[in-house]
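In: Below is the sequence, then the predicted model.
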Amino acid sequence: MAYGGPVTSRPLDPIGEAHRQWSARWPAHADQMAAVTSVMRAQQILLGRVEGVLKPHGLTFAAYEALRLLAFTRAGELPMGKMGERLMVHPASVTNVIGRLERRGLVTRRPSPGDRRIVLAEITPAGRELAETATEALHDAGFGLPDLTAEQAAAITGALRAVRVSAGELGP
């Protein structure tokens with residue numbers, strides 16, 4: 001019962017109440033249920049905050065990640081398949097996001113000169129400028145975590161890394 005103490009009547013913590021109910025019925029699984037539910041709710045909160053920061057720039061988080069990834073590369077370009085791997089998304093998602101960015105003049109697509117079967121996505125100067133502006137906005141907003149210290153953010157990252165390792169996404 002490590003969730004965080006008794007449930008108070010004000011304000012009601014639905015996850016705390018679920019933990020209480022699970023503890024009464026399935027105590028061996030209560031902490032895992034509360035952890036998963038907490039991560040899912042935190043994801044909803046953070047995505048809403050981050051998307052709110054990016055919306056004035058006409059970006060979703062997925063589009064921002066694609067632009068930022070391209071801006072980080074030396075040549076400003078990557079194969080679409082490599083983008084999917086690095087962004088940890090399905091190739092169709094990369095195609096969709098890059099298509100929207102291309103229509104806005106933020107990215108171009110072209111066949112790789114070394115292998116015409118490979119499609120390269122390349123950030124344009126306008127895309128690079130927008131990536132920088134959006135990054136500044138996210139920095140100003142603390143990436144949706146403005147009230148957390150750097151140590152708290154690092155602790156969250158470490159705890160979630162353990163989940164990623166247990167899922168086989170990373171080595172130990």
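Out: Received, thanks. Numbering: from 1, shown residues only.
In: show me where this structure has helices.
Out: Taking DSSP state H as the criterion, the chain contains helices spanning 14-25, 30-54, 61-72, 80-87, 91-103, 125-140, 150-166.
In: and the fourth one, what other elements does it pack with?
Out: Translated: helix 80-87. Applying 3 or more Cβ pairs under 8 Å, 6 or more residues apart in numbering; DSSP states H and E, one finds that helix 80-87 contacts helix 61-72, helix 91-103, strand 119-123. In short, each C-beta sits where N, CA and C put it, glycine included.
In: Now with 6 Å, please.
Out: helix 91-103 (3 or more Cβ pairs under 6 Å, 6 or more residues apart in numbering; DSSP states H and E).
In: Now do T133 against V94, distance only.
Out: Distance of T133 to V94, computed by Cβ to Cβ, to the nearest Å: 22 Å.
In: scratch that, S38
Out: To V94, S38 is 30 Å away according to Cβ to Cβ.
In: which one of those two has more residues nearby?
Out: V94 (25 against 15; other Cβ atoms under 10 Å).
In: Domain map for the chain?
Out: 1-57, 58-137 (automatic domain parsing).
In: Same question for stretch 148-158: list its buried residues.
Out: For stretch 148-158, the neighbour count (16 or more other Cβ atoms under 10 Å) marks no residue as buried.
In: That stretch: how far from the chain's middle?
Out: 15 Å (Cα atoms, centre = their mean, to the nearest Å).
In: contacts for it?
Out: Contacts to stretch 148-158, defined as Cβ atoms under 6 Å, 6 or more residues apart in numbering, come from residues L145.
In: now it: mean pLDDT?
Out: The pLDDT scores in stretch 148-158 average 95.
In: Now that stretch - C-alpha only, PDB.
Out: Taking Å, rounded to 0.1, in the frame of the first residue of the first chain, the C-alpha atoms of stretch 148-158 are listed here in PDB:
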ATOM      1  CA  LEU A 148       8.900  20.100 -11.000                       C
ATOM      2  CA  THR A 149      12.500  20.400 -10.100                       C
ATOM      3  CA  ALA A 150      15.200  19.000 -12.400                       C
ATOM      4  CA  GLU A 151      15.700  16.300  -9.800                       C
ATOM      5  CA  GLN A 152      12.000  15.300  -9.800                       C
ATOM      6  CA  ALA A 153      12.000  15.200 -13.600                       C
ATOM      7  CA  ALA A 154      15.100  13.000 -13.600                       C
ATOM      8  CA  ALA A 155      13.500  10.700 -11.000                       C
ATOM      9  CA  ILE A 156      10.400  10.300 -13.300                       C
ATOM     10  CA  THR A 157      12.700   9.600 -16.300                       C
ATOM     11  CA  GLY A 158      14.600   7.000 -14.300                       C
END
